[in-house]
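1. Give me a model of this one.
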Amino acid sequence: MTRFWVGGYGADMEGDAEGIGLLSVDEGRGPSTLRHRGTAAPVASPSWLAAHPTLDVVYAALEGQGAVQAFARAGEATLRPLGEPLRAGDSVCHLAVAPGGRMLIASCYGDGRVVRFGIAADGALVPAGVDTAAALRAALFGEQDASSAADPHAARDPYPTPAGEEPRAPHAHAAVFLPDGRIATTDLGFDLVRIWRPSTGSGTQTGSGSGTQRGSGTQTGSGPQAGSGPQAGSGLALDHEVVLPRGTGPRHMVMHPSGHLHVVTEYSCEVFTLASARDGAWGVVSATIASPVAQVGVDFPAELAVSRDGDTLYTALRGSNTLAALRVRGSGDAVEPFALADSGVDWPRHHVVYDGTLLVAGQRSGTVSVVDLDARTGAPRDVRHVTEAPTPTVILPVR
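-> Next up is the predicted model:
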């Protein structure tokens, strides 16, 4: 039987989900029988889910609590907690698991934190270590120093604040593991793609720091700054940053088989393609609008997915509630939009490519749609089926 875990917003995030849910199709039948089968693990607002690469373990971002938690498969339709929730940061919204299964990266929208967690042999998350330096300062002086008391975990805005405007805030939103072991993360608030190096350390480690230049292009980081806060840099060290045009809002990414990194922007409705130079520095090689009919300020792209053959990218436009398909050109260094179709849901928050279809989570409609893909061109076509699901925000195939 084909099954999917589904995450969503619960009461603490003004949603109806009661935890991690289960979607499945009837045995021996097609996607038109997809139904929500109930709650697999009661937990508050698991808005993002990620799977361990080899174990039957699922990691959930508990966005309202600002925590992450691991769950192990306990049956055909149930998950059990694998340890207690661990604090990540304000409004943690995305998780990425290393291909080797030893590390998890959490991105926190609310405070801009990018947090590294260790993963034990059984898939459990490793609890936070103790910041001995901070503990010693507290014991000697009775309080944190000023640099630690400030929010130490956010990026810096590469652009000056225009006169009369409020300063922008950092909003980390997603992470992708790169082929060479480094990690790319997006900061939607500061228009950054940040490249990190894992560094020595275990437990929960928080990344921060920024480059020394301002403007557009690539910034070279020098790792954690002095006074960069609890455990900053002992798990993640900033390598460099790629600065996108101001106001684009990079949200989610997908690593293409060609080695290019495609980034969809929530505010400007674009897809940027990044490539790595011989020296390891990443930079923009092309950019295109997600769809010729996308309206900036009306449409807000969410997820970005790639077809199995790597020929097509799919993004969803919240607002017009459409699915845009983009053809990957050349060596993977450029994309161009070629098709647009109805998503069948309201506010398409997430989608996955599965068996010749797109499964689309409609956050506001409380539904999941099944959209057929053209077998020859890969273009999204008709909405084959729609089923109810409580405030869905992410869909994850069951192992």
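2. shaky segments in this structure?
-> In the predicted model, the chain carries pLDDT under 70 at residues 1, 128-139, 141-154, 201-234.
3. quick one: the helices in it?
-> Ranges of helices within the chain are 132-141, 146-149, based on DSSP state H.
4. residues near the nearest residue to L244 once chain neighbours are set aside, how many?
-> Nearest residue to L244, sequence neighbours excluded (CB to CB, 6 or more residues apart in numbering): D191, at 4.5 Å. (Each C-beta comes from the backbone N, C-alpha and C, glycine too.) For D191, the count of nearby residues is 26 (other CB atoms under 10 Å).
5. Pull the contacting residues for D191.
-> Going by CB atoms under 8 Å, 6 or more residues apart in numbering, D191 touches 158-159, 243-250.
6. looking at these, which has the most residues close by?
-> Going by other CB under 10 Å, P250 tops the contacts of D191 with 30 neighbours.
7. Relative to D180, how far out is that one?
-> Between P250 and D180 the computed distance is 20 Å (CB to CB, to the nearest Å).
8. hang on, the earlier thing: any idea how far the residue nearest to L244 is from R102?
-> For D191 relative to R102 (CB to CB), the value is 31 Å.
9. cool, S199 as well?
-> In this view, S199 and R102 are 14 Å apart by CB to CB.
10. ok, now H252?
-> 23 Å.
11. which one of the two has more residues nearby?
-> Legend: neighbour count by other CB under 10 Å for H252 and R102, higher for H252 (23 against 15).
12. and G235, how many neighbours?
-> Neighbours of G235 under the rule other CB under 10 Å: 25.
13. I figured it hits R116, correct?
-> Yes: using CB atoms under 8 Å, G235 is in contact with R116, at 3.9 Å.
14. which ones are touching R381?
-> R381 neighbours (CB under 8 Å, 6+ apart): 341, 371-374.
15. now with 10 Å?
-> 323, 339, 341-342, 357-358, 371-375 (CB atoms under 10 Å, 6 or more residues apart in numbering).
16. I'd like to know which of those residues are buried.
-> Neighbour counting by 16 or more other CB atoms under 10 Å classes 323, 339, 341-342, 357-358, 371-373 among those as buried.
17. Include distance to G38 when you put these into CSV, please.
-> Shown next, in CSV, are the buried ones among the contacts of R381 (distance: CB to CB, whole Å):
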residue, distance to G38
L323, 28
A339, 35
A341, 30
D342, 28
T357, 23
L358, 24
V371, 24
D372, 27
L373, 28
